[in-house]
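A.B. asks: just to be clear, the model below is a prediction. Sequence and coordinates:
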Amino acid sequence: MMKKIITIGEYLVDMMPYEQGFQPKPGGAPMNVAVAIHRLNGDVIPIAQVGDDIFGHMLKNTLVQEGMNVQYISLDETHQTSLAFVSLDAFGERQFMFYRDPSADQYVSLTQQTLKQIQYDIVHFGSVGLAEYPLKMSTDLLIEDAILHDKIISFDVNIRLMLVKDEQHHQATIHTYIKKSKLIKCSFEEIVYLHGEEQPLNDMVSTLFQINDQMVIVTNGAKGVHVFYKEDVFYQQAFQVEVIDTTGAGDAFMGAFLWSLSKEDQPFINTNWIPKALEVASYAGALTITKKGAMEALPKYQDILRFF
């Protein structure tokens with residue numbers, strides 16, 4: 001039976017650069033992951049808040065058009081929808097400038113009563129929400145519930161230092177939430193940042209994580225991706241594609257990997273599924289960077305049928 005996944009965190013508008021100017025596109029890492037899972041026919045419920053404004057209605061309507069569950073996508077009459085202006089260099093690598101303090105997605109309010117209504121097996125979140133209140137409190141409530149009921153906790157480190165007021169405190173917060181998580185995804189650059197200095201990857205991972213109990217994904221762009229778990233190290237080389245825009249590649253990867261994990265009865269006992277999951281997730285990420293935009297570039301189930 002497929003596991004049900006909850007995502008919680010920022011849902012915002014990416015202002016993408018085009019020849020005729022910036023155009024609004026739906027974005028935000030946790031929501032990109034949710035849409036990626038849904039497009040692969042996974043079972044996912046996103047939790048987020050947007051402004052009761054033209055951008056917020058666009059974001060909610062996007063999920064409705066996808067056929068997703070929007071029961072826990074709330075409209076905030078007080079705060080505006082967050083905006084992220086995206087710039088791309090000659091290699092398709094992106095930089096962000098955010099307009100979001102305060103913004104509606106920071107004010108997600110989750111209650112114990114709401115949690116009792118939701119059946120789930122996996123909770124997925126990122127570090128952006130850990131720097132903002134009350135989103136952090138809602139994330140904490142969900143994580144505490146997941147720990148209490150022995151659910152799988154998935155954490156995408158996804159560091160965005162431009163949103164952080166106290167870098168030292170935020171780094172300590174990330175380490176705290178790493179300890180609470182069963183599945184953790186980091187980029188190679190984030191591993192180096194958290195470790196403090198670059199060393200061989202195996203050494204940094206063994207220092208930062210408890211790999212006897214945690215599954216750790218380390219993405220490294222064109223150099224491929226590793227998964228560390230117990231005594232095993234899995235590797236998948238990157239698919240060679242024309243890079244148009246790297247926005248959303250990590251989210252496409254994470255969504256596809258979580259989708260594969262959600263199909264397994266005991267994913268942390270029998271790990272035979274990991275090599276295929278890595279291949280599919282890497283391919284999903286590769287497909288995403290061949291198009292501009294994050295969410296609209298996420299692949300659908302028919303795009304990955306070649307692997308089954």
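C.D. replies: Structure received.
A.B. asks: residues touching the nearest residue to residue 171 once chain neighbours are set aside, list them.
C.D. replies: The spatially closest residue to residue 171, leaving aside those adjacent along the chain, is residue 194, at 6.9 Å (CB to CB, 6 or more residues apart in numbering). Where you see a C-beta, it was placed from the backbone N, CA and C, and this is true even at glycine. Residues in contact with residue 194 (CB atoms under 8 Å, 6 or more residues apart in numbering) are 157, 171, 174, 175, 186, 208.
A.B. asks: most neighbours out of the residues you listed, which is it?
C.D. replies: Neighbour counts for the contacts of residue 194 peak at residue 186, which has 27 neighbours (criterion: other CB atoms under 10 Å).
A.B. asks: any idea how far it lies from residue 52?
C.D. replies: Distance of residue 186 to residue 52, computed by CB to CB, to the nearest Å: 35 Å.
A.B. asks: cool, residue 263 as well?
C.D. replies: Distance, residue 263 to residue 52, by CB to CB: 37 Å.
A.B. asks: these two: who's more crowded?
C.D. replies: residue 52 (17 against 14).
A.B. asks: determine the longest strand present in this structure.
C.D. replies: In the chain, with assignment by DSSP state E, the single longest strand is strand 43-51.
A.B. asks: what pLDDT, on average, does that strand get?
C.D. replies: Strand 43-51 shows a mean pLDDT of 97.
A.B. asks: can you list the strands that that strand pairs with?
C.D. replies: Strand 43-51 sits in its sheet next to strand 4-8 (parallel), strand 73-76 (parallel), going by DSSP bridges.
A.B. asks: closest to residue 242 out of the ones you listed?
C.D. replies: Of all these, the one in closest proximity to residue 242, counting by CB to CB, is strand 4-8 (29.3 Å).
A.B. asks: now the helix or strand following that closest one against strand 43-51, angle please.
C.D. replies: Per DSSP states H and E, strand 4-8 leads on to strand 12-18 as the next helix or strand towards the C-terminus. Angle of strand 12-18 versus strand 43-51, following axes from the mean of the first three to the mean of the last three CA atoms, to 10 degrees, is 80 degrees.
A.B. asks: next one: strand 12-18 to chain centre, how far?
C.D. replies: Remark: strand 12-18 is offset 18 Å from the chain centroid, using CA atoms, centre = their mean, to the nearest Å.
A.B. asks: mind listing what's buried along it?
C.D. replies: 12, 13, 14, 15, 16 (16 or more other CB atoms under 10 Å).
A.B. asks: hmm, what's the outermost residue in this structure?
C.D. replies: residue 20 (29.7 Å; CA atoms, centre = their mean).
A.B. asks: tell me the phi and psi of that one?
C.D. replies: Residue 20 adopts backbone torsions of phi -90, psi 10, taken as degrees, to the nearest 10.
A.B. asks: distance-wise, check it relative to residue 33.
C.D. replies: 30 Å.
A.B. asks: ditto for residue 51
C.D. replies: From residue 51 over to residue 33 (counting by CB to CB), the distance is 21 Å.
A.B. asks: so the two - more neighbours on which side?
C.D. replies: Legend: neighbour count by other CB under 10 Å for residue 51 and residue 33, higher for residue 33 (33 against 23).
A.B. asks: pLDDT averaged over stretch 30-40 - what is it?
C.D. replies: Averaged across stretch 30-40, the pLDDT comes to 98.
A.B. asks: hmm, residue 121 and residue 262 touching each other?
C.D. replies: Yes - using CB atoms under 8 Å, residue 262 is in contact with residue 121, at 7.3 Å.
A.B. asks: comparing those two, which residue is more hemmed in?
C.D. replies: residue 262 (21 against 18).
A.B. asks: what sits against the more buried one?
C.D. replies: Residue 262 touches 2, 3, 4, 5, 37, 42, 43, 121, 122, counting by CB under 8 Å, 6+ apart.
A.B. asks: low-confidence ranges, this structure, go.
C.D. replies: Where the chain drops to pLDDT under 70, the residues are 88-94.
A.B. asks: need the helices for it, in chain order.
C.D. replies: For the chain, the helices defined by DSSP state H occupy 29-39, 54-66, 112-117, 135-148, 167-180, 188-195, 201-208, 249-262, 274-288.
A.B. asks: quick one: end-to-end length of stretch 104-114, please.
C.D. replies: 19 Å (CA to CA, to the nearest Å).
A.B. asks: list the buried ones in it?
C.D. replies: Under 16+ other CB under 10 Å, the buried positions of stretch 104-114 are 104, 105, 106, 107, 108, 110.
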